[in-house]
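Student: Task: produce atomic coordinates for the following.
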Amino acid sequence: MTPTELHDVCLPPEKTTFQKLRRKLSEIFFPDDPLHRFKNQTRVNKIMFALHFVFPVFQWAPSYNFGLLRSDVVSGLTIASLAIPQGISYAKLANLPPVIGLYSSFVPPLIYAVLGSSKHLAVGPVSITSLVMGTMLNDAVSYTLHPVLYLRLAFTATFFAGLFQASLGFLRLGFLIDFLSKATLVGFMAGAAVIVSLQQLKGLLGIVNFTSKMQIIPVLKSVVDQRDEWSWHTIVMGFSFLACLLTTRQIGMRKPKLFWVSAAAPLASVIVSTSLVALFESNLPNIATIGQLDKGLNPPSSNMLYFHEEFLAVAVKTGIVTGLLSLTEGIAVGRTFAALKNYQVDGNKEMIAIGLMNIAGSCSSCYVTTGSFSRSAVNENAGGQTAMSNIVMALTVVVTLLFLMPLFKYTPDLILAAIIVTAVIGLIDYQSALSLWKVDKLDFVACLSSFLGVLFVSVPVGLAMAVGISILKILLNVTRPNTGILGNISGTQIYQDLDRYRDAQRVPSFVILAIEAPIYFANSTYLQERILRWLREEEDRIAANNDSMLKCVIIDMTAVTAIDTSGLAMMNELRKILEYRSLQLVLANPTGSVMEKLHRSNSLESFGSNGLYLTVGEAVANIKLSWKAKP
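Tutor: Residues are numbered from 1 along each chain as shown. Next up, the predicted model:
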């Protein structure tokens with residue numbers, strides 16, 4: 001192609017308003033084209049695909065064999081050994097009766113095994129949602145003064161969490177959880193981990209009268225003020241088991257083949273500590289224990305759901321926040337292991353599965369559950385192949401509920417505290433925080449705000465601060481997009497940013513500007529002011545260096561993916577301003593949607609035949625020829 005060869009800038013194919021709306025909605029809600037498998041299929045195949053789509057269990061169940069079962073049984077028993085002590089511990093973290101944690105490890109995994117699309121996601125209570133639920137509900141209702149009302153609100157919050165999650169899935173609104181950016185979650189989880197760990201000093205030190213607040217200053221003050229209640233028996237035993245659990249965790253992280261050491265450590269610690277307390281009960285009077293737990297399966301709790309006006313707002317707010325957090329963690333964990341094992345997880349189906357299992361859980365004495373990273377990692381390392389491992393885990397919990405509950409009578413609170421600290425300490429990802437500082441300072445600010453907000457204000461406020469900063473970052477990128485001056489790389493038709501490429505050189509008499517964002521009402525005024533500033537600076541440079549007089553302004557529209565009426569008005573006003581200053585305005589490579597808007601607004605006519613080009617190179621070459629042709 002020679003520099004003088006021109007190509008027409010074409011309009012996109014004509015489409016009706018309905019066709020455009022349909023395509024736009026399809027891109028928003030169905031970017032994965034979920035129905036592509038149904039095309040050109042027989043009716044029988046369509047029915048089978050529909051069953052697979054709604055109930056993913058039908059994808060793997062027909063080909064299930066003994067080899068898969070053997071792997072799933074081993075992994076199911078392994079994650080059960082972790083899920084039982086964690087379930088009891090996390091229920092305590094949520095200020096709920098310990099048995100609720102075991103109930104929550106029975107019904108939800110069974111439902112997820114039928115509806116979930118991940119092969120490795122292990123379902124149950126998790127630390128973050130337990131912490132948030134315990135904090136938000138206790139701010140409204142004391143679990144010690146009103147235990148029944150607190151329990152009812154916990155079940156109601158779980159119901160609304162499930163309803164919110166399932167609604168996002170059914171309406172395909174999963175993109176909303178993307179507002180919880182990685183930076184936000186890194187800071188939030190680190191702050192929550194610190195607060196949770198400090199709260200466990202109550203159990204590790206043997207303190208009876210401990211603050212229920214979740215800010216770092218009241219917690220540390222309570223530790224100091226209640227030092228008279230410290231029990232050396234509890235301290236020695238508690239920190240000894242904590243050291244053992246942290247050691248086994250490090251072994252599992254550094255030597256993946258020894259994953260079973262860290263997986264079995266919590267249950268082994270429960271057994272050993274319970275045995276010690278039972279054998280030396282008379283010599284360990286100051287060590288608090290769980291106490292008697294009733295045997296039996298999940299009792300129905302649908303009659304306990306609370307829909308009265310007084311605390312309904314608290315239940316709804318808690319449900320939405322915990323639902324959003326659990327959904328984010330569950331989908332992130334599922335996608336992580338799907339990527340490792342080279343298969344796909346449908347985010348919207350995961351939302352529906354997690355939502356429905358929480359709705360069912362709220363009616364069967366469970367609180368908010370989701371996919372746990374630690375249990376899922378153990379599941380994958382143990383050789384889990386399908387969602388059957390969740391069923392095996394649930395059946396193991398059933399055996400515990402029916403026959404083994406009396407054995408937990410002497411389980412000390414200190415071991416639950418040690419298990420919680422060991423679990424949540426892995427949420428402190430300082431390496432990611434350092435990476436944020438190196439790569440994106442604003443992301444680091446969001447991370448730090450979330451961390452400090454959780455530590456010094458509250459968990460919900462810390463999360464809200466981080467989300468607010470993330471949204472502010474989006475608004476800044478939209479309202480203050482990047483612009484720059486382009487130059488020509490000698491001997492080519494390539495035009496690149498002068499600041500980035502030393503080989504790029506200014507083209508005499510031209511100012512070539514690039515806009516790297518859609519032009520909307522939110523940034524049109526800024527862009528006009530910024531373009532005029534670029535021109536003023538260029539004119540000052542020309543005057544200082546006695547260069548060729550400025551004649552033409554070319555705007556490279558390659559990155560302008562869309563434009564609205566405010567943007568069109570700005571372009572027309574800019575063209576008039578430049579004409580008044582005897583400068584020609586030229587647009588290069590406008591996208592199809594921009595071309596269509598220019599055409600429909602009659603703006604193309606005002607730009608004329610020499611105002612629109614396919615590339616910057618063609619624009620420069622042709623305009624130079626037109627100048628030479630003039631007498």
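
Student: quick one: average pLDDT of stretch 117-133?
Tutor: For stretch 117-133, mean pLDDT rounds to 88.

Student: Same question for stretch 189-208.
Tutor: pLDDT averaged over stretch 189-208 gives 82.

Student: and what of stretch 265-279?
Tutor: pLDDT averaged over stretch 265-279 gives 86.

Student: for the longest helix seen in the chain, packing partners?
Tutor: If you go by DSSP state H, the chain has its longest helix at helix 309-340. Judged by 3 or more Cβ pairs under 8 Å, 6 or more residues apart in numbering; DSSP states H and E, helix 309-340 is in contact with helix 127-140, helix 147-170, helix 347-362, strand 370-372, helix 373-381, helix 459-479. Where C-beta positions appear, they are placed from N, C-alpha and C, glycine not excepted.

Student: now do 10 Å
Tutor: If contacts are counted by 3 or more Cβ pairs under 10 Å, 6 or more residues apart in numbering; DSSP states H and E, helix 309-340 sits against strand 122-124, helix 127-140, helix 147-170, helix 182-199, helix 347-362, strand 370-372, helix 373-381, helix 459-479.

Student: Determine the angle, from 0 to 180 degrees, between the longest one and helix 127-140.
Tutor: Orientation of helix 147-170 against helix 127-140 (axes from the mean of the first three to the mean of the last three Cα atoms, to 10 degrees) gives an angle of 130 degrees.

Student: quick one: low-confidence parts of the protein?
Tutor: The chain contains residues with pLDDT under 70 at 1-4, 28-38, 177-180, 212, 282, 284-285, 339, 609, 629-631.

Student: What about residue 473, how many residues nearby?
Tutor: Other residues near residue 473 come to 17 when the count uses other Cβ atoms under 10 Å.

Student: What of the one 3 residues further on?
Tutor: Summarising burial for residue 476: neighbours were counted as other Cβ under 10 Å, giving 11.

Student: now the strands for the stretch 501-631 of the chain?
Tutor: For the stretch 501-631 of the chain, applying DSSP state E, counting those that start in this stretch gives strands covering 504-505, 510-515, 552-556, 584-588, 612-613.

Student: and of the ones you listed, who's closest to residue 537?
Tutor: strand 510-515 (9.6 Å; Cβ to Cβ).

Student: Give me the helices and strands touching that closest one, please.
Tutor: Checking 3+ Cβ pairs under 10 Å, 6+ apart, strand 510-515 ends up next to strand 483-489, strand 495-497, helix 524-545, strand 552-556, strand 584-588, helix 616-629.

Student: Compare these and give me the one nearest residue 70.
Tutor: Taking Cβ to Cβ, strand 495-497 is the member of those nearest to residue 70, at 59.2 Å.

Student: Each with direction, which strands does that closest one pair with?
Tutor: Partners of strand 495-497 in the sheet, by DSSP bridges, are strand 483-489 (antiparallel).

Student: Could you dump the helices and strands packed on helix 309-340 into TSV with distance to residue 541 added?
Tutor: Shown next, in TSV, are these (distance: least, Cβ to Cβ, whole Å):
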stretch	distance to residue 541
strand 122-124	63
helix 127-140	55
helix 147-170	53
helix 182-199	39
helix 347-362	51
strand 370-372	58
helix 373-381	55
helix 459-479	27
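
Student: out of the ones you listed, nearest to residue 116?
Tutor: helix 347-362 (4.4 Å).

Student: name the helices or strands packed onto the closest one?
Tutor: So helix 347-362, by 3+ Cβ pairs under 10 Å, 6+ apart, packs with helix 43-54, helix 107-115, strand 122-124, helix 147-170, helix 309-340, strand 370-372.

Student: how far off helix 43-54 does that helix point, in degrees?
Tutor: Using the same axes, to 10 degrees: helix 347-362 against helix 43-54 is 60 degrees.

Student: Tell me how far helix 347-362 lies from the chain's centre.
Tutor: Relative to the chain's own centre, helix 347-362 is displaced by 17 Å; criterion: Cα atoms, centre = their mean, to the nearest Å.

Student: how much does that helix deviate in direction from helix 309-340?
Tutor: Put simply, helix 347-362 runs at 140 degrees to helix 309-340, going by the same axes, to 10 degrees.

Student: In the longest helix of the chain, which residues are buried?
Tutor: Residues of helix 309-340 classed as buried under the neighbour-count rule (16 or more other Cβ atoms under 10 Å) are 311, 314-331, 333-338.

Student: Name the residues of stretch 45-52 that are buried.
Tutor: 48-49, 52.

Student: ditto for stretch 67-84
Tutor: Buried, per 16+ other Cβ under 10 Å, within stretch 67-84: 68, 71-76, 78-84.

Student: Identify, from the residues you listed, the entry nearest to residue 438.
Tutor: When the buried residues of stretch 67-84 are compared against residue 438 (criterion: Cβ to Cβ), the nearest one is residue 82, at 34.6 Å.

Student: Assess the claim that the closest one and residue 122 are in contact.
Tutor: Yes: here residue 82 reaches residue 122: they are 8.5 Å apart, a contact under Cβ atoms under 10 Å.

Student: Now do the same contact list for the residue lying closest to residue 118 once chain neighbours are set aside.
Tutor: Closest residue to residue 118 apart from its sequence neighbours, by Cβ to Cβ, 6 or more residues apart in numbering: residue 334 at 3.9 Å. Residue 334 makes contacts with 116-121, 345-347, 350, 353-354, 370-371, 376, as judged by Cβ atoms under 10 Å, 6 or more residues apart in numbering.

Student: picking up where we left off before, right, and the helices and strands packed on strand 510-515 - which one's nearest residue 299?
Tutor: Counting by Cβ to Cβ, residue 299 lies closest to helix 524-545 out of those; the figure is 60.5 Å.

Student: Point out the other helices and strands that the closest one packs with.
Tutor: helix 459-479, strand 483-489, strand 510-515, strand 552-556, helix 565-580.

Student: Make JSON lines from those and add distance to residue 499 to it.
Tutor: Below are the helices and strands packed on helix 524-545 laid out as JSON lines (distance: least, Cβ to Cβ, whole Å):
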{"stretch": "helix 459-479", "distance to residue 499": "19"}
{"stretch": "strand 483-489", "distance to residue 499": "7"}
{"stretch": "strand 510-515", "distance to residue 499": "11"}
{"stretch": "strand 552-556", "distance to residue 499": "15"}
{"stretch": "helix 565-580", "distance to residue 499": "23"}
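
Student: Looking at these, which is nearest to residue 187?
Tutor: helix 459-479 (5.9 Å).

Student: And this protein, what are its domain boundaries?
Tutor: By the assignment in automatic domain parsing, the chain contains the domains 64-475, 481-629.
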